[in-house]
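1. sequence below, structure please.
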Amino acid sequence: MCGSNRCGWDRWCGACPQAPSGIGRRTTTNVLGGSSIRQPQALGGKRRTTTILALLAFAFLTGCARQAEAPEGILRLSQRNEPSVLDPALATLPDEFFVLRALLEGLVAPNPNGGEPLPAAATRWTVSSDGRTYTFFLRPDGRWSNGDPVTAHDFVRSYRRALTPATAAPKAHLFFLVDGAEAFYRGELNDFAQTGFAVIDDLTLSIRLLRPSPHFLAHVASGPWLPVNPRIVDAHGDAWTKPAHFVGNGPFKLVEWRPQQRIVVTRRADHPEARRVHVAAIHFLTMDNGDAEERAFRAGQLDVTMAVPSAKLDGYSTASPTVLTRAPLHETRYLTFNTQRGPLADARVRRALSLSIDRQALVDRVVRGGQRPATSQVPPGLGGYTPPATGPISDPVAARRLLSDAGFPGGAGFPTLELTTWTNVPVLETIQAMWKEELGIDVRLGLREARVHLANLASGDYDVAFITEIPDVADAAEVLENLRTGALANYPRWSSPRYDATLDAAARAPTPAERLRLLAEAEALLLNEAAVAPLYFNTRNFLVYPRVKGWREDALWNRFYLDVRLSDVR
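-> Numbers count the residues shown, from 1 in each chain. Got it, this is the predicted structure:
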């Protein structure tokens, strides 16, 4: 027992005898603005002692973790990034869709076990003999949280809003499989009735595709296809997402949003799937960093974390394995090079920077959570995809030769670039050190808020940036299309007519096998030009409190709130 020593939200009690040495303290120094490096503790390779591991287990399973009694019926989840918007047409961050998935429900939903999407607002659907027309049948008891019936008109108006150019939906391309959708989005088609979206009756809508697509239902299950109540949007404009106005068709309703603190949603008793909602409310709690959320978890103030600090993975693996979950993701963490800036316009420079990175060392000594070195931008196995065998490997000798050929022998005359991020500073510090050692060049590190970082990427206001690719759909084309000329997520501002033409050919491919072959051919072009430098495929290591039963996530960062229960275990 902790006795009179208080366990606070963000720190161990000063006199707490259960606080393990080093727990809750930073193990790295954030060097932002210079080339001086203090290597993360992980690079030292030192293991925690058995005594420290035992103390960690004892501290978690007794004492401090019991100080904060979990509120009955409330599920408490960590949010690492404050949502900038709760609008499915405008959202981009996983943290935003974590909340939106509780509040809104699409025609179909992702399958937590993988495979084909599951019925949601639509109970069933049919497909025409030519594979181009899908007809969806809505459940008659669907209701918005204000009592309005959910109709086919609401879905079609939602899709029109997402494709209206003035909306500037960042993920509008996820609708482009539909006949006329891209033309309407680009202003080439003014009459939405000429697109493939059509209302048959109040509970039936049809969607006509440009061509048969085996991945179409996966697109319909993605976050941007979530509907909005068009009458509420018309009445309140941009303010419709505020708790006082938000109306959704999902199993929860929005009741509170305190920026940088918490978002609260409560169970809807009138939802058709209410029998599968076993928590009274979900609190999405904003955490500044991994150390803060891990301390909150140990103090019993958080049920599910976003991650585990890498320095504490060994401790949880050994001492508290029942609360540690490891889930491989279809997520690529990579560097994007601004190909419009200085020496980065030269593919030889970009290749040199990429080849001088030891990816195996990054995953073994820095992130250390089961991540895999990335030699491709698309994760292997995503939608049955096999990447080309031409991706980057660690080759410092070739890197130095390329840099010299570009006019910077030994790094001489190379300008100081800025390497920016919103997270994973130890990874960037390590890359900073590798570039200094292998190429003789200096870079400074810049730390930004997530929203600022993304805005800078979109505007091109950066040199080299760390970013993560999280596909909305289990399809390699979803990743590769983002690097097409003019694509909104083409952060490198890279353009290759041959690459674009190969993607076009893949879209018209007569068989799935030929389509995948052409996508791999396109990726080989991308990797050879080194517009991006894939680093590793992420694995999510996170903590789940023992009282949470039935927690499920998938490899695309989807969370599933139905059937989650809270037991009496503290």
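
2. let's see the helix of greatest length in the chain as CSV, backbone CA atoms only.
-> If each helix of the chain is counted by residues according to DSSP state H, the longest one is helix 512-529. Extracted in CSV, the C-alpha atoms of helix 512-529 (Å, rounded to 0.1, in the frame of the first residue of the first chain):
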residue,chain,number,x,y,z
PRO,A,512,-6.4,-8.9,-59.8
ALA,A,513,-3.0,-10.5,-60.3
GLU,A,514,-2.2,-8.2,-63.2
ARG,A,515,-3.3,-5.2,-61.1
LEU,A,516,-1.0,-6.2,-58.2
ARG,A,517,1.9,-6.7,-60.7
LEU,A,518,1.5,-3.2,-62.1
LEU,A,519,1.2,-1.7,-58.6
ALA,A,520,4.5,-3.3,-57.7
GLU,A,521,6.0,-1.9,-60.9
ALA,A,522,4.8,1.6,-59.9
GLU,A,523,6.3,1.3,-56.5
ALA,A,524,9.7,0.2,-57.9
LEU,A,525,9.7,3.6,-59.8
LEU,A,526,8.9,5.4,-56.6
LEU,A,527,11.6,3.7,-54.6
ASN,A,528,14.2,4.2,-57.3
GLU,A,529,13.5,8.0,-57.2
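
3. so what does that helix touch, helix or strand wise?
-> Here helix 512-529 touches helix 347-355, helix 476-480, helix 497-507, going by 3 or more C-beta pairs under 8 Å, 6 or more residues apart in numbering; DSSP states H and E. Every residue, glycine included, has its C-beta placed from N, CA and C.

4. same list (those) but as JSON lines, adding mean neighbour count.
-> JSON lines is the format used below for those (neighbours: other C-beta atoms under 10 Å):
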{"stretch": "helix 347-355", "mean neighbour count": "24"}
{"stretch": "helix 476-480", "mean neighbour count": "26"}
{"stretch": "helix 497-507", "mean neighbour count": "16"}
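
5. where does the prediction get shaky in this protein?
-> Along the chain, the model assigns pLDDT under 70 to residues 1-70, 568-570.

6. hmm, try it at 80
-> Scanning the chain for pLDDT under 80 picks out 1-71, 568-570.

7. looking at it, which strand is longest?
-> strand 324-337 (DSSP state E).

8. quick one: strands adjacent to it?
-> Using DSSP bridges, strand 324-337 pairs in its sheet with strand 464-469 (antiparallel), strand 532-543 (antiparallel).

9. name the stretch among those that sits most buried.
-> strand 532-543 (a mean of 24; mean count of other C-beta atoms under 10 Å).

10. so what are the sheet partners of the very next helix or strand once past it and their directions?
-> Downstream of strand 532-543, the first helix or strand assigned by DSSP states H and E is strand 548-549. Looking at strand 548-549 with DSSP bridges, its partner strands are strand 565-566 (antiparallel).

11. any idea which of the helices and strands packed on helix 512-529 gets closest to A531?
-> Set against A531 and scored by C-beta to C-beta, these come closest in helix 347-355, at 6.9 Å.

12. please save the CA atoms from that closest one in CSV.
-> Extracted C-alpha coordinates of helix 347-355, given in CSV (Å, rounded to 0.1, in the frame of the first residue of the first chain):
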residue,chain,number,x,y,z
ALA,A,347,17.4,12.0,-56.7
ARG,A,348,21.0,11.1,-55.9
VAL,A,349,20.9,13.1,-52.7
ARG,A,350,17.6,11.6,-51.7
ARG,A,351,19.0,8.1,-52.3
ALA,A,352,22.1,8.8,-50.4
LEU,A,353,20.1,10.0,-47.4
SER,A,354,17.9,6.8,-47.6
LEU,A,355,20.8,4.3,-48.1
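
13. that helix to strand 464-469, inter-axis angle?
-> If you take axes from the mean of the first three to the mean of the last three C-alpha atoms, to 10 degrees, helix 347-355 sits at 70 degrees to strand 464-469.

14. which residues touch whichever helix or strand comes after helix 347-355?
-> Note on helix 347-355: by DSSP H and E, the next helix or strand toward the C-terminus is helix 359-361. Outside helix 359-361, the residues that touch it by C-beta atoms under 8 Å, 6 or more residues apart in numbering are 373-375, 392-394, 430, 535-536.

15. do that again at 7 Å, thanks
-> 373-374, 394, 535-536 (C-beta atoms under 7 Å, 6 or more residues apart in numbering).

16. now do the end-to-end distance for stretch 108-122.
-> One end of stretch 108-122 sits 6 Å from the other (C-alpha to C-alpha, to the nearest Å).

17. can you list contacts of that stretch?
-> 105-107, 136-139, 142, 150, 217-218, 220-221, 249, 552, 554, 558, 560.

18. looking at those residues, which are in helices?
-> Going by DSSP H, the helices hold 217-218, 220 from those.

19. adding distance to D461, write these out as a markdown table.
-> Shown next, in a markdown table, are the ones in helices among the contacts of stretch 108-122 (distance: C-beta to C-beta, whole Å):
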| residue | distance to D461 |
| --- | --- |
| L217 | 38 |
| A218 | 33 |
| V220 | 35 |
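
20. coming back round to it: and of the helices and strands packed on helix 512-529, who's closest to F466?
-> Using C-beta to C-beta, the helices and strands packed on helix 512-529 put helix 347-355 closest to F466, at 12.8 Å.

21. for the closest one, packing partners?
-> Helix 347-355 sits against helix 396-405, with contacts defined as 3 or more C-beta pairs under 7 Å, 6 or more residues apart in numbering; DSSP states H and E.

22. thinking again about what came up before, by how many degrees do the longest strand of the chain and helix 512-529 diverge?
-> Angle, strand 324-337 to helix 512-529, by the same axes, to 10 degrees: 60 degrees.

23. residue boundaries of the helices in the stretch 51-200 of the chain?
-> Listed in chain order, the helices of the stretch 51-200 of the chain (DSSP state H, counting those that start in this stretch) span 94-103, 152-163, 181-185.

24. need these in a markdown table (columns: distance to E331 and mean neighbour count).
-> Compiled in a markdown table, these are given as follows (distance: least, C-beta to C-beta, whole Å; neighbours: other C-beta atoms under 10 Å):
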| stretch | distance to E331 | mean neighbour count |
| --- | --- | --- |
| helix 94-103 | 9 | 23 |
| helix 152-163 | 24 | 22 |
| helix 181-185 | 26 | 21 |
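
25. in CSV, list the ones you listed along with distance to R124.
-> Formatted as CSV, these follow (distance: least, C-beta to C-beta, whole Å):
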stretch, distance to R124
helix 94-103, 22
helix 152-163, 14
helix 181-185, 23
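
26. out of these, flag the one nearest V233.
-> helix 152-163 (7.1 Å).

27. hmm, who's touching the closest one?
-> With C-beta under 7 Å, 6+ apart, helix 152-163 has contacts from 89, 107, 138, 167, 169, 172, 175, 181, 184-185, 192, 197, 199-205, 224, 227-230.
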